[in-house]
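>>> this is a predicted model, with the sequence first.
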Amino acid sequence: MSHHHSSQTALGRAVNEFEETAIALILGLMTLITFINVVLRYGFNTGLIWGLEMTTFLFAWLVLFGMSYAVKVTAHLGVDAVINLFDLRIRRVLGLIAGALCIFYAFLLFKGAWDYWANFANLPQTDGRWFPLGFEEMKRTSYRSWYEVVDIPMPDWLRWIEPLINEGEAYEKIPRFIPYAMLPIGAGLLLFRFVQATWRVMTGEADSLIASHEAEDAVDDVRSLNAED
Amino acid sequence: MEVAILFAMVVGLMLLGVPIAVSLGLSSILFLLALSDTSLASVAQSFFQAMAGHYTLLAIPFFILASSFMSTGGVARRIIRFSIAIVGHFHGGLAIAGVFACMMFAALSGSSPATVVAIGSIVIAGMRQVGYSKDFAAGVIANAGTLGILIPPSIVMVVYASATDVSVGRMFLAGVIPGLLAGTMLMTTIYVIARLRNLPKGEWLGWGEVVASGMDAIWGLFLIVIILGGIYGGIFTPTEAAAVAAVYAFFIASFVYRDMGPLSRPEGERNLSLLEKPLALITAFFHRDTRDTLFEAGKLTVTLMFIIANALILKHVLTDEQIPQQIAGAMLAAGFGAVMFLVIVNVILLIGGQFMEPSGLIVIVAPLVFPIAIELGIDPIHLGIIMVVNMEIGMITPPVGLNLFVTSGVAGMPMMRVVRAALPFLAVLFVFLIMVTYIPWLSTYLPNSIMGPEIITK
């Protein structure tokens, strides 16, 4: 039913399997938590208080984690009507320019993601408005690991982080640096995949970074049904 | 002035082949860094909040998932069989059945391309077998497929509701009459063409077939009852309704239709029943097919939300700079009335719809035109439906109409031929757009009579 990305190396296949399964798992969890909450409300007059917050965090994780995968399999939507007017050589040059812009974007997003996340994990933000020019000096207000989320209770199996980051004090709800961690991870992966994608254009393996519409795979599946005979 | 540069940059980057999402995001970030004191950290924060802070948008992944489970070939086939049983015996019957099937499938899925792929792949082949020209078949399906975003549930409507804080439930209800009307107009046109050209008609298969095929299709069609009934019965929020619909679709696909999951068998063999393999109740959750469907839906969610999240950053820029207010002021000062304003909205969206993915375009345009519409006394729900219908037409207008691409792929014919084939029906949809734009009653009657009059806060 679907076209799976195929990779030559065992590592590539393992990474791909991990990415696809993670995307499926996150969406599955979101759906189940929301569904169970509806059942609990009507069947048992109760509910998971943390269900909604957990689902919204998972939603953010899905997109932040998945956006780099979508770069890898060239699934991000774009307009190819203009670039298709040119011959392959110019198309490749345009592809390289587009790639450079994407790398720049991912880089800015990565810096922003780090800066936003760092203080929640007691780490220094970077200095500099556009480019990181080094790390800030940690002030008293830069230590924000004690910020907690609103609803999700701290599970016992995570207690081991308390002495490491919260001076041994117990968390009641999970600390914010955990859900926000996907920001720098996702943006970092995005940067990495855009560099890879641009490299693919440079070596001639691909000639653009975009898909022209969301149903490209599905259309390929059924194309044979009505092919010109 | 700066805003003109901003928009020029967005369009320029897009045409260069930069992904839509990155074009929106990069332009906005550069703009923010250069002209305001916003930091990159707060851009990252709003990126995170695009998902974590918008409860309404949470409905999108669930609707996509429900439609993915329902899009397994079996459901489309059952709907088509039911349509043929009902309308197949008219002149041009198979074409009319194709439109009818698109309407029903649109009620299971919130996306137009998905509708074209699911219905078109089967119906176009079927129509050619009984003697229709391929062009006629492709033209019908390309147009009927656009109903996917008008007939609820609709992802574009969820995005509009989220961008303008109107109720998703109202938007869904508002789409019902226009959706039925557009479908009827298309079917009538086909019937007239069929009488003029003497196109083939099928045989009346009897009430037995109607009932049998209806019973077979009802499991799938019940999904729309869950969604709309659940929302209007006050049982679920739209987001919950979408999640319940996704779980329902999973059970139907795995245990009733058995087109996927542990009970399905290859083409031609009889599928297992649950009694023969009760363990399937557990294994279905971990079956490869289930994982693949979740993954496909997840991937589509990611690409859509990546665009929406970046469009939200652009929206931030616009609201920070008070652009909507400026435009509103300029338009009101120029003395534009509601009629002229709606024409301008139509034109902007028709042009924008050529380049942009509909959801992303709505996120950007809705906040721009919404305050003006309120000022001019236009109903927000009515405005939403107008925008959706504009998106529909954008999907089948060259050069970059989304449905044209998909149809040309599905039908295996070149773009330009699809464009020509779609043209006569496109004219019908244009008439429909004018009707929807200037007869607000079409959109507002159902939501106002079922949910009470809209309360507009300025």
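Sure, I can see it.
>>> the helix or strand encompassing residue A:152 close to chain B?
Under the criterion of DSSP states H and E, residue A:152 resides in strand A:148-153. No: contact of strand A:148-153 with chain B is not found when judged by CB under 8 Å from any CB of the partner chain; the minimum separation is 10.0 Å. The C-beta positions use only the backbone N, C-alpha and C, and glycine is treated the same way.
>>> so who does residue A:35 touch?
B:243, B:244, B:246, B:247 (CB atoms under 8 Å, 6 or more residues apart in numbering or on different chains).
>>> regarding it, what is its secondary structure?
Three-state call for residue A:35 (DSSP: H, G, I helix; E, B strand; the rest coil): helix.
>>> about what we covered before: identify the residues contacting the strand holding residue A:152?
Under the contact criterion CB under 8 Å, 6+ apart, strand A:148-153 has outside partners A:49-50, A:52-54, A:57, A:171-176, A:179.
>>> which of the residues you listed count as buried?
A:50, A:52, A:53, A:54, A:57, A:171, A:174, A:175, A:176, A:179 (16 or more other CB atoms under 10 Å in any protein chain shown).
>>> measure the closest residue to the last one other than its chain neighbours to residue B:61 for me?
Computed as CB to CB, 6 or more residues apart in numbering or on different chains, the closest residue to residue A:179 that is not its neighbour in sequence is residue A:57, at 4.4 Å. In this view, residue A:57 and residue B:61 are 13 Å apart by CB to CB, to the nearest Å.
>>> now do residue B:373
29 Å.
>>> these two: which is more packed in?
It is residue B:61, of residue B:373 and residue B:61, that has more neighbours when counted by other CB atoms under 10 Å in any protein chain shown, with 33 against 23.
>>> against which helices or strands is the helix or strand where that one lies packed?
Using DSSP H and E, residue B:61 sits in helix B:59-70. Under the contact definition 3 or more CB pairs under 8 Å, 6 or more residues apart in numbering or on different chains; DSSP states H and E, helix B:59-70 sits against helix A:10-44, helix B:155-164, helix B:207-232, helix B:238-251, helix B:288-320.
>>> who wins for proximity to residue B:282 among those helices?
Of all the helices and strands packed on helix B:59-70, the one in closest proximity to residue B:282, counting by CB to CB, is helix B:288-320 (11.6 Å).
>>> just confirm yes or no for the closest one near chain A.
Yes: counting by CB under 8 Å from any CB, chain A is contacted by helix B:288-320 at B:289, B:291-307, B:309.
>>> which strands or helices does that helix pack on?
The criterion is 3+ CB pairs under 8 Å, 6+ apart, and the helices and strands that helix B:288-320 contacts are helix A:10-44, helix A:51-72, helix B:2-15, helix B:20-35, helix B:40-52, helix B:59-70, helix B:155-164, helix B:358-375.
>>> mean confidence score for stretch B:157-171?
The predicted model assigns stretch B:157-171 a mean pLDDT of 89.
>>> neighbouring contacts of it?
The contact list for stretch B:157-171, computed with CB under 8 Å, 6+ apart, reads B:54, B:56-57, B:59-60, B:63, B:110, B:149, B:152, B:154, B:172, B:175, B:231-232, B:238, B:308, B:315, B:359, B:362-363, B:366-367, B:370, B:380-381, B:384-385, B:387-388, B:447, B:451, B:454.
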